[in-house]
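Engineer: Using only what follows, build the 3D model:
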Amino acid sequence: MSQPDFYFNPFDPEFRANPYPHFPALLDGPPRQLKLFMPTTLIARYADVITVLHDHERFTVRRPETPYRERIDPFAGAPTILTADPPVHTRLRKLVSKAFTPRRVRELEPRIREITANLLSDATNSSEVEAMATLANPLPVIVIAELLGVSAADHTQFKKWSNDMISSFGQEMAAGPSPAGLAAKDELRRYLAEAIKQRSANPADDLISALIAARDESDALSENELLAFVVLLLLAGNETTTNLIGNGLLALCRNPEQQHRLRENRELIPKAIEEMLRYDPPVQMTLRVPTAATNVGGAEIPAGSLAFILLAAANRDPAHFPHPEQFDIARDPNEHVSFGEGIHFCLGAPLARLEGAIAIESMLDKFPHLQLSNPEAKLEYRGSMALRGLSELRLSAR
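Structural biologist: Numbering: from 1, shown residues only. Down below sits the predicted model:
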């Protein structure tokens, strides 16, 4: 049997460290098929990705059964806006979307700026800053914790739980979850269940209280659904934005002419954030399962198999993005798919964009020069097959 003309292995640390050289082969032709832990189709081309993400009738977000699924599932089988199809998805999204309206996100801006300033205050006179621990890790989790109404003082613990769970998702599927990931799942669920219990007895001006009120008034959200959504927010609401900040800073350091351009013209920050999302996206891929045998881009995909939707590859498709390998902070148009498409478009996209913009702008304001402390050092990426984030990012700030 001949070897495939492409390489794709999200469980390989070397592949996760730099998947981009492997994408051109996947973009050159119809979707490719391979056997990972089950029959899998790789959807890479931009047009094919758009087609699948908009077709929620032929492609479900419900995950196939795996030997470890029940053990690691942080939602304990409850549906979420990430893992449910209509009409359940429609009901859940309508209920929770009120917390992420443009107006609500704008109201958070002063507090996000305050948190960012506080986090960077101790690094003012430093010649070196470790950007992940200083800013990228704590900022998003503090924001989402305050939004939910749980103690921001516990943000370090939240982040550890999140990291352990995300890393467990990146284990070889056949090997099962790590003990640390299982423990983190149980501890996080216990913590948040207690927070919900406290807010039920003593409502406050926070998202958990608002969701409890909505549940009690119309029974729109069951107890299990409420806990699952809070868990989802704490995981998705901090991990992806952490990666946006870290990956974005790395791109600026590796492209000093673009960093200089952004320093000289801060009006480009919104476009720069979009280019950071396209160029090195926090979420590299998402999953779908065909409900029936179907054809995408010339490839027959069996029902019940697994479709890897390669968002990061679609963002590098030369058929849609001129010179896709170039990092261009003024790229326009920039119709990347880093937040997904269709009914499952990321609910927290406006908040992620705002946090990313404030974080990047604040780093530029605080430090007149940003470059890698050791450009030759190998960067370490935290283990996850879908999420791409740095373990640390040491920058020379003077």
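
Engineer: Regarding Ile81, what are the backbone dihedral angles?
Structural biologist: Dihedral angles of Ile81 (phi, psi; degrees, to the nearest 10) stand at phi -70, psi -20.

Engineer: Distance-wise, check it relative to Thr156.
Structural biologist: 27 Å (CB to CB, to the nearest Å). No exception for glycine: its C-beta is placed from N, CA and C like everyone else's.

Engineer: Comparing these two, which residue is more hemmed in?
Structural biologist: Ile81 (25 against 12; other CB atoms under 10 Å).

Engineer: Am I right that the more buried one is in contact with His89?
Structural biologist: Yes: if you go by CB atoms under 8 Å, Ile81 and His89 touch, sitting 6.0 Å apart.

Engineer: joint contacts of the two?
Structural biologist: His344 (CB atoms under 8 Å, 6 or more residues apart in numbering).

Engineer: Can you check the pLDDT for the closest residue to Ser391 other than its chain neighbours?
Structural biologist: If the residues on either side of it in the chain are set aside, Ser391 comes closest to Glu380, at 4.1 Å by CB to CB, 6 or more residues apart in numbering. For Glu380, the pLDDT comes out at 92.

Engineer: give the contact list for Glu380.
Structural biologist: Leu390, Ser391, Glu392.

Engineer: who's in contact with the second one?
Structural biologist: The neighbours of Ser391, taking CB under 8 Å, 6+ apart as the test, are Met132, Glu380, Tyr381, Arg382.

Engineer: make it 7 Å
Structural biologist: Glu380, Tyr381, Arg382 (CB atoms under 7 Å, 6 or more residues apart in numbering).

Engineer: how much space is there between it and Ala357?
Structural biologist: Taken as CB to CB, the span from Ser391 to Ala357 is 24 Å.

Engineer: re the thing from before, and which of the contacts of Glu380 is nearest Ala123?
Structural biologist: Glu392 (14.3 Å; CB to CB).

Engineer: hmm, back to that, dump the contacts of Ser391 to TSV, plus distance to Arg398.
Structural biologist: Listed next are those as TSV, based on distance: CB to CB, whole Å:
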residue	distance to Arg398
Glu380	24
Tyr381	27
Arg382	28
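
Engineer: List just the nearest of those to Leu221.
Structural biologist: The closest of the contacts of Ser391, once distances to Leu221 are taken by CB to CB, is Arg382, at 31.4 Å.

Engineer: element containing Phe321, please.
Structural biologist: Using DSSP states H and E, Phe321 is not contained in any helix or strand.

Engineer: What is the lengthiest helix in the chain packed up against?
Structural biologist: The single longest helix within the chain, with elements called by DSSP state H, is helix 223-254. In this structure, helix 223-254 packs against helix 138-148, helix 155-169, helix 179-201, helix 207-218, helix 256-264, helix 269-279, helix 349-366, with contacts taken as 3 or more CB pairs under 7 Å, 6 or more residues apart in numbering; DSSP states H and E.

Engineer: center of the chain - which residue?
Structural biologist: The structure's the chain has its C-alpha centroid closest to Thr240; by CA atoms, centre = their mean the separation is 3.1 Å.

Engineer: Can you list phi and psi of the residue nearest to Ser391 for me?
Structural biologist: The phi/psi pair for Glu380 (degrees, to the nearest 10) reads phi -100, psi 130.

Engineer: repeat for Ile43
Structural biologist: phi -100, psi 110.

Engineer: contacting residues around it?
Structural biologist: Taking CB under 7 Å, 6+ apart, one finds Pro31, Val49, Val52, Val296, Ala307, Phe308, Ile309, Leu310 in contact with Ile43.

Engineer: and if you look at Arg199?
Structural biologist: Going by CB under 7 Å, 6+ apart, the list of residues near Arg199 reads Gly149, Ile208, Ser209, Ile212.

Engineer: Could you count how many residues lie near the nearest residue to Ile329 once chain neighbours are set aside?
Structural biologist: Excluding its sequence neighbours, the residue lying closest to Ile329 (CB to CB, 6+ apart) is Ala272, at 3.9 Å. The number of residues packed near Ala272 is 28, by other CB under 10 Å.

Engineer: Which pLDDT does the model give Ala272?
Structural biologist: Value for Ala272, per-residue pLDDT: 98.

Engineer: Enumerate every residue touching it.
Structural biologist: Leu262, Ile329, Ile360.

Engineer: how close does the last one get to Ala319?
Structural biologist: Between Ile360 and Ala319 the distance is 29 Å, computed by CB to CB.

Engineer: which one of the two has more residues nearby?
Structural biologist: For Ile360 versus Ala319, the count of surrounding residues by other CB under 10 Å is larger for Ile360: 22 against 11.
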